[in-house]
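Engineer: Predicted structure and sequence below. I'll ask about it afterward.
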Amino acid sequence: MKKKHLFVALAAVLAQASAWSAGTPKAPPVEIAAAAMSAPSHDEALSPMENLVLGTALLLERERETFEMQQVFRLALYLRPLRRVYDPSPDLVRKGESPDIEKVYTERIKRVLGSDMLRRIDQMKLTHADMEEYLRKHVPLYEVDWKKTPSFALVEYAVNDFHEQIAPPQTIDPKDKPEYYIAGSIRQISGRNPGDGQKLFEGVCSSCHGMDGQGRFPPIVMKSYLSLHSDHEHFEIVKGGPPQKPGAPIVMPTFGDKLTNDQMWAIVKYLRTWEQHWTDPRNVRRGEAEAKAAKVKFYSTPEVRKIWESRNKNVVLLDLQSDIAYRIMGHIPGTLHIRPEELDKKMKKIPKDKEIIVIDMFGSQGLAPAVELAKAGYKTAYLADGMMDWHIVRDYPTEY
Ligand code: HEC
C-alpha cells in the first residue's frame, strides 16, 4: 500500500510551490473495512456544507485537470476553517471566533469554484451513501473517527486531498529521514499526564523548534498558524514528519517509530495550549522585543484596515511575502511588494519620509526585516497578525 502524502505547512508549501507541478498522480484509494454507519438513512440529502465539501472533493478526484493551481491553493485554505467548526477537540480555543465561519467560508469556496463547477456538483445529487463511500474509501487519517464525526472527517479528508495536490512533488521518503536520538529519561515519560506534552516537547522537539516553539523553522506558536491546523494534522506531522523536498537543509525526523501514540498526542495537546496563550496580549513572540526596542509600531489588523481605507498618502504598505504567497495567498490591494531576499537590494525604493507597514504571512517572518528597516532609519510599523488574519480570518479585501 502506498501511503499518501502527509500534510504540509502553508508556509512550507508556499515557499516550495514554485516547484509545484500540475497533475501529481494520485495514489489509488484504499479500501478500509466496511462497517455500517448508523446515523442518517442513505438516500437522505446532505447538509449544504456536506454537499459542497463532498462535491468539491469528488470534482478534484474526477477532474483534477479542470482545476487551476490557484483554485487548489485557495480551496485548501478555505476548507481549513470549516474543519474547525466541526472539530470535536475539546481543547480548541474558539474564543472570539466569528459565528459566521461556516457561511463565510462556504461562500468563498463557491466563489472559487465558480458557477460551472457548482452546477456539476448540483448534478451529482449527492446523498449520505455517497458521503459514506468517500469516507470509507479515503485513506484513514489517524483517529479521525468518521463514523462518530462524519462531518468533521469529511472536511478533514477534503483538506487533505487538496493539500496532497500542493505538497512538494518529491517528498523525502520517511525511510530517508535522519535518525534522531531520544534520551532514555524522555522515553520513560508516559504521555498520559497533563504536562507530559511540555516535557516531551522540550526534550524532543526544542532542539530544532526552540523551547518556546519559535525556533528557526516555521514558528509554530502563533494563533494565526495554530488556528488553521487541526490536532490530527499535527499528529500526522509529528508521526511522519512534514513533507519536505530532497535537499532541504534540515529534515524533520519521524517520531511515529520513536514515541508512543500517547506521547505524540500529549505533544499535540501541548501545541494546542500555545493557541490559548497566544490570545494573551502580553505574549511576546521572538523578535518582538527587539522590534519594539527598535521602535517598530505594532498594528492590529482592523487598525491597518482603517489606515488602508483612508488611503493615507504618508503610509506605504510593504508586503514581504514570497512571490507565490503574494500571488496565490493574496495581498492587500495597493501594497508595495518586495521579496524578502531582495529587501537589502531594493530598500532604496522605499520612501524614507513615510510610515512603512511591514506585512508578512503569519505575523512572524516580517519582524526581522522590520527591525532592519527601523535600524536603517525608516519609520517602521508592523501588521501584527499577518495576512492570515487579514485574509483567512477576517475576509478583508484581498487581491491575487
Ligand atoms: C531535527 C530538527 C527537528 C526536530 C527535532 C523537530 N522538527 Fe519539526 N520541523 C523541522 C523542520 C526543518 C521543519 C520545516 C519543514 C519544512 O517545511 O520544510 C519542521 C516543521 C514542523 C512543523 C510545521 C509543519 C507543517 O507542515 O505545518 C511542526 C508542527 C513541527 N515541525 C513540530 C515538531 C514537533 C512537535 C517536534 C517534536 C516531536 C518536532 N517538530 C521536532 C525540524 C525539526
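Structural biologist: Cool, got the structure. Numbers count the residues shown, from 1 in each chain.
Engineer: and the stretch 301-400 of the chain, which of its residues are near the ligand?
Structural biologist: Contacts of the stretch 301-400 of the chain with the ligand, taken as C-beta under 6 Å from any ligand atom, are absent. Quick note: C-beta positions are derived from backbone N, CA and C, even for glycine.
Engineer: Please save the CA atoms from the longest helix seen in the chain in PDB.
Structural biologist: Identified as the longest helix of the chain according to DSSP state H is helix 101-124. Extracted C-alpha coordinates of helix 101-124, given in PDB (Å, rounded to 0.1, in the frame of the first residue of the first chain):
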ATOM      1  CA  ILE A 101     -17.400  31.000   9.800                       C
ATOM      2  CA  GLU A 102     -19.400  28.400   8.000                       C
ATOM      3  CA  LYS A 103     -21.300  30.900   6.000                       C
ATOM      4  CA  VAL A 104     -18.200  33.000   5.200                       C
ATOM      5  CA  TYR A 105     -16.100  30.000   4.000                       C
ATOM      6  CA  THR A 106     -18.800  28.100   2.100                       C
ATOM      7  CA  GLU A 107     -19.400  31.300   0.200                       C
ATOM      8  CA  ARG A 108     -15.800  31.700  -0.500                       C
ATOM      9  CA  ILE A 109     -15.500  28.100  -1.700                       C
ATOM     10  CA  LYS A 110     -18.400  28.700  -4.000                       C
ATOM     11  CA  ARG A 111     -16.800  31.800  -5.300                       C
ATOM     12  CA  VAL A 112     -13.600  29.900  -6.100                       C
ATOM     13  CA  LEU A 113     -15.400  27.000  -7.800                       C
ATOM     14  CA  GLY A 114     -17.500  29.300 -10.000                       C
ATOM     15  CA  SER A 115     -20.900  28.600 -11.500                       C
ATOM     16  CA  ASP A 116     -19.900  25.800 -13.800                       C
ATOM     17  CA  MET A 117     -18.300  23.600 -11.200                       C
ATOM     18  CA  LEU A 118     -21.200  24.400  -8.800                       C
ATOM     19  CA  ARG A 119     -23.600  23.200 -11.400                       C
ATOM     20  CA  ARG A 120     -21.700  20.000 -11.800                       C
ATOM     21  CA  ILE A 121     -21.800  19.400  -8.100                       C
ATOM     22  CA  ASP A 122     -25.500  20.000  -8.100                       C
ATOM     23  CA  GLN A 123     -25.900  17.400 -10.900                       C
ATOM     24  CA  MET A 124     -24.200  14.800  -8.700                       C
END
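Engineer: got the contact list for that helix?
Structural biologist: Helix 101-124 has contacts (C-beta atoms under 8 Å, 6 or more residues apart in numbering) with 48-49, 51-53, 55-56, 58-59, 66, 71, 74-75, 78-79, 81-82, 84-85, 98, 130, 395.
Engineer: Then stretch 288-295?
Structural biologist: Counting by C-beta under 8 Å, 6+ apart, 298, 367, 370-371, 374-375, 380, 382 sit against stretch 288-295.
Engineer: One more: stretch 267-281?
Structural biologist: 89, 91-93, 95-96, 191, 194, 197-198, 200-201, 204-205, 213, 220-223, 226-227, 231, 234-235, 238, 259, 283.
Engineer: so where is this structure shaky, pLDDT-wise?
Structural biologist: Applying pLDDT under 70 to the chain picks out residues 1-40, 216, 218, 278-284.
Engineer: in it, what residue sits furthest out from the centroid?
Structural biologist: Asp353 (36.2 Å; C-alpha atoms, centre = their mean).
Engineer: Now do the same for that one: helix, strand or coil?
Structural biologist: Classification of Asp353 by DSSP: H, G, I helix; E, B strand; the rest coil places it in coil.
Engineer: what's the spacing between the closest residue in space to Leu77 that isn't next to it in sequence and Val155?
Structural biologist: Nearest residue to Leu77 in three dimensions, chain neighbours excluded: Ile392, at 6.1 Å (C-beta to C-beta, 6 or more residues apart in numbering). Going from Ile392 to Val155 by C-beta to C-beta, to the nearest Å gives 15 Å.
Engineer: Of those two, give the one with the bigger neighbour count.
Structural biologist: Higher neighbour count among Ile392 and Val155: Val155, with 27 against 23, using other C-beta atoms under 10 Å.
Engineer: Surely the more buried one is in a strand?
Structural biologist: No: using three-state DSSP, the secondary structure at Val155 is helix, not a strand.
Engineer: Please name the residues that touch it.
Structural biologist: 53, 79, 82-83, 86.
Engineer: and the contacts of stretch 288-295, which of them are in strands?
Structural biologist: Judged by DSSP state E, strands contain the following of the contacts of stretch 288-295: 298, 380, 382.
Engineer: residue in the stretch 301-400 of the chain nearest to the ligand?
Structural biologist: With C-beta to the nearest ligand atom, the shortest gap between the stretch 301-400 of the chain and the ligand falls at Phe362, namely 11.0 Å.
Engineer: before we move on, the earlier item: which ones are touching the closest residue to the residue farthest from the centre of the chain other than its chain neighbours?
Structural biologist: Closest residue in space to Asp353, ignoring its immediate chain neighbours: Asn314 at 7.7 Å, by C-beta to C-beta, 6+ apart. By C-beta under 8 Å, 6+ apart, the contact set of Asn314 is 353-355.
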